[in-house]
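Novice: With the sequence up front, the predicted model follows.
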Amino acid sequence: MRPVSRISMGLRHTAIVTNEHQLFVAGDNSQGQLGLASTKIQMAQYPTLVTCLAKQHVLDVACGNAHTIVLLTNQEVLGFGLNSKG
């Protein structure tokens, strides 16, 4: 694992931003909250690179119960996971 600049924890998942602005996630993905290519991956036991953001520069991350919000260095905000309340 690379040096970490940010970390956030949801109900059953964790998101980690490295000093190199990459996003890694681990834990429950039943609602797509890890941002992985498919919800067929129900659980990531170890920190896993979010490949759809591999060419982006992640600045910050915030996890909720079953969602994740990401702030990129270009100020773009992205979200993934459960969206039933908003």
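Specialist: Sure thing, it's come through.
Novice: got any ranges where the chain has weak pLDDT?
Specialist: Where the chain drops to pLDDT under 70, the residues are 1, 85-86.
Novice: Could I get the full set of strands for it?
Specialist: Taking DSSP state E as the criterion, the chain carries its strands at 4-9, 13-18, 23-28, 43-49, 58-63, 67-72, 77-81.
Novice: Quick one: these as a markdown table, columns for distance to residue 34 and mean neighbour count too.
Specialist: Placement of C-beta: from N, CA and C, glycine included. Formatted as a markdown table, the entries for the strands of the chain read as follows, by distance: least, CB to CB, whole Å; neighbours: other CB atoms under 10 Å:
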| stretch | distance to residue 34 | mean neighbour count |
| --- | --- | --- |
| strand 4-9 | 12 | 14 |
| strand 13-18 | 6 | 22 |
| strand 23-28 | 4 | 21 |
| strand 43-49 | 6 | 13 |
| strand 58-63 | 10 | 19 |
| strand 67-72 | 7 | 20 |
| strand 77-81 | 8 | 17 |
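Novice: Go through those strands and name the closest to residue 35.
Specialist: strand 77-81 (4.3 Å; CB to CB).
Novice: Having no further points to raise, I will conclude here.
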